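Student: build me a model from this:
(2 chains)
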There are 2 protein chains.
Amino acid sequence: MTAGINRQILLKSRPAGAPGPDNFELVQRPAPQPGDGEVLMRIRYLSLDPYMRGRMSAARSYAKPVEIGEPMVGGTVGEIVESRNAKFAVGDIVLGYGGWQDYALSSGVGLRKLDPAAAPVTTALGVLGMPGMTAWAGLLEIGQPKPGETVAVAAASGAVGSVVGQIAKIKGCRAVGIAGGPDKCRYVVEELGFDACVDHRAADFARRLDAACPAGIDVYFENVGGAVQQAVWPLLNDFARIPVCGLIAQYNATAPIPGPDMFSVLRKRLTLRGFIVTDFAAREADFQREASAWVRSGRLRYREDVVDGLENAPAAFLGLLQGKNFGKLLVKVV
Amino acid sequence: MTAGINRQILLKSRPAGAPGPDNFELVQRPAPQPGDGEVLMRIRYLSLDPYMRGRMSAARSYAKPVEIGEPMVGGTVGEIVESRNAKFAVGDIVLGYGGWQDYALSSGVGLRKLDPAAAPVTTALGVLGMPGMTAWAGLLEIGQPKPGETVAVAAASGAVGSVVGQIAKIKGCRAVGIAGGPDKCRYVVEELGFDACVDHRAADFARRLDAACPAGIDVYFENVGGAVQQAVWPLLNDFARIPVCGLIAQYNATAPIPGPDMFSVLRKRLTLRGFIVTDFAAREADFQREASAWVRSGRLRYREDVVDGLENAPAAFLGLLQGKNFGKLLVKVV
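Tutor: Residues are numbered from 1 along each chain as shown, chains lettered A, B, ... in the order given. Here you go, the predicted structure:
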């Protein structure tokens, strides 16, 4: 087949503070042609994730920033439409890192074939993909939850937080979610089975969180920072563990934000550890085996928030940074 | 023998901010009489340590505060002068927790007999005691230094820091000390064998520290907090470990001091872990065996700063909080 026009969403400029629509640009270009050993993917689903905010900035980080004028990066599920690589056939559905566009080339390295009969292919971008693995590895490897302990997690209806709390329940813990608004909180308790969920928009949020954690907090899975972190900190028990996975409430800060009181780190013997999912790449097979079984048995549930059309990706992403999504945010590209 | 007058230094009042001489009171009382099962110790040496600042405050911590009107607590080496406990004989030299006074009673629980022929008895309060164990456990259990890595430690000529750097050298690391003034820095390099020592009083301290750590910092043993921490933070390598042992530069703060930027914790995947030495009590025998051998072989050196007379303990302690001591601070009580 001959591929057609490739719509791409480029990083047009770097945001100072909160990004806006003007930082992105939609362009149309001819779809590329695969060279020897390459495949061409038609992208079906694009994952939108908070880490992409970091890629928009030039600041030193664990990954290179997106260059101005380059397509935004992102995990994708696509279909092979042309193949000059013997490992992939036209029609294969693959998980890859195709970015915000209709078509992407790949050498095949890092592509993983998906079996649509085993699970909906979109789960490879969510509960059985990078966000799920992030939750699984951060909670179990760093948080090390023990039965009867209390695990607190913010963004509890989101792609990572929802998995953190459900695995905490599987491990015999009390799971306390924090989310924005009554609908998300209801979903977290009634659908996901958390023991409690506290609305961080409530005026008496800190008091409600305290009430939801009568035995304090042993693991705080840090997704957000900011005001939620401040409310959590006094509730941490001695020897609490804090996997530091994200700080979405602080991503648009233009000056360094001071961290929490170090005295409590000392006095309570807290462990804080930052991580990114690739630090645990060696555990990927273990994650896939465990999480797939939990999804099949209904112990691990998920919700997708699917936005239609690549052209709507920037607005959806800006909404994600403000907590407007409800569940794992995906773009159905075409 | 009949014990005589017991001089005691009491906590007279709680400091607001930096403590002063008026927070202490010297009183004279009759020495106590041991009851059944008890011993009476004549205290020879009192250890002065930064943690005592915490005991002067009423704030919640890992240990109970000293009550107003009670003697200040502290580790001691003493001689048994009366014994109604079959495990101890008059004349035994014991490590205990006798406090700031001439005489102390003990049930015997927690007392350890010392062999003056094996090592100078004062080492039980320093290099082979709580400070040495603090350095050993914090560096090895939390810091996990690997050969070729860079270990940075502040208060490098002090009781804990000096041991941290020397063990780092034993483990094949580059040891970089931070100390106050050229005399201490010279001692740390020339006598203790650190690779470098940087004077934190120098106007261009941060630049000098950077120059002393050409490959960055992999382990920062946190004793001080404050400005030293701020200079260290940008030099931390990815996956650096930060055992949080003390924050002496912040002990007199009257309001919470914000901690370091959490973005760097995330981006660099740092591990911060607070600890106190008793968290590692199960490793005490391992520490004693290793550290004693290092002291005997000359690989682990120490320096004592001995102040004469119990009455001088408050001034010596206040000096410790300002870095005026040079080596492990002890009071020769009598």
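
Student: identify the residue nearest the geometric centre of chain A.
Tutor: By C-alpha atoms, centre = their mean, chain A has its centre lying nearest to residue A:131, at 4.2 Å.

Student: give the other helices and strands that the host helix or strand of that residue contacts.
Tutor: Here residue A:131 sits within helix A:130-137, counting by DSSP states H and E. When contacts are defined as 3 or more C-beta pairs under 8 Å, 6 or more residues apart in numbering or on different chains; DSSP states H and E, helix A:130-137 sits against helix A:161-170, helix A:284-297. (Each C-beta comes from the backbone N, C-alpha and C, glycine too.)

Student: and for the residue nearest to the residue nearest to the centre of chain A when sequence neighbours are not counted, the neighbour number?
Tutor: Nearest residue to residue A:131 in three dimensions, chain neighbours excluded: residue A:159, at 3.6 Å (C-beta to C-beta, 6 or more residues apart in numbering or on different chains). Neighbourhood size, residue A:159 [other C-beta atoms under 10 Å in any protein chain shown]: 30.

Student: ok, residue A:159 - contacts?
Tutor: A:49, A:126-127, A:131-132, A:302, A:327-329 (C-beta atoms under 8 Å, 6 or more residues apart in numbering or on different chains).

Student: 7 Å instead?
Tutor: Applying C-beta atoms under 7 Å, 6 or more residues apart in numbering or on different chains to residue A:159 gives the contacts A:126, A:131, A:328.

Student: is the second one in contact with residue A:161, as I believe?
Tutor: No: if you go by C-beta atoms under 7 Å, residue A:131 and residue A:161 don't touch, sitting 9.2 Å apart.

Student: how many neighbouring residues does the residue of the stretch 51-200 of chain A found nearest chain B have?
Tutor: Of all residues in the stretch 51-200 of chain A, residue A:61 sits closest to chain B, at 5.2 Å by C-beta to the nearest C-beta. Using other C-beta under 10 Å, residue A:61 has 16 neighbouring residues.

Student: helix or strand: which one has it?
Tutor: Applying DSSP H and E, one finds residue A:61 in no helix or strand.

Student: Provide a list of residues in contact with it.
Tutor: A:54, B:267.

Student: what's the distance between it and residue B:30?
Tutor: Counting by C-beta to C-beta, to the nearest Å, the gap from residue A:61 to residue B:30 is 67 Å.

Student: any idea how chain A splits into domains?
Tutor: Domains of chain A are assigned by automatic domain parsing as A:5-122+A:303-332, A:130-279.

Student: sorry, back to before: tell me the pLDDT at the residue of the stretch 51-200 of chain A closest to chain B?
Tutor: Residue A:61 is assigned 78 on the pLDDT scale.

Student: likewise for the one 5 residues further on?
Tutor: Here the pLDDT value assigned to residue A:66 is 96.

Student: next, the contact list for it, please.
Tutor: Applying C-beta under 7 Å, 6+ apart, the residues near residue A:66 are A:11, A:55-56, A:72-73.

Student: same question, residue A:19
Tutor: When contacts are counted by C-beta under 7 Å, 6+ apart, residue A:19 touches A:53, A:56, A:318.

Student: do I have it right that the first one meets residue A:321?
Tutor: Right, the one you point to is residue A:53. Yes: using C-beta under 7 Å, residue A:53 makes contact with residue A:321 at a distance of 6.2 Å.

Student: stretch A:92-106: how far from the chain's middle?
Tutor: Relative to the centre of its chain, stretch A:92-106 is centred 18 Å away, using C-alpha atoms, centre = their mean, to the nearest Å.

Student: name the residues of the stretch 201-334 of chain A found near chain B, please.
Tutor: A:225, A:244, A:247, A:256-263, A:265-276, A:279 (C-beta under 7 Å from any C-beta of the partner chain).

Student: show me which of those are buried.
Tutor: Burial by neighbour count, judged by 16 or more other C-beta atoms under 10 Å in any protein chain shown, picks out A:225, A:244, A:247, A:257, A:259-263, A:265-276, A:279 from these.
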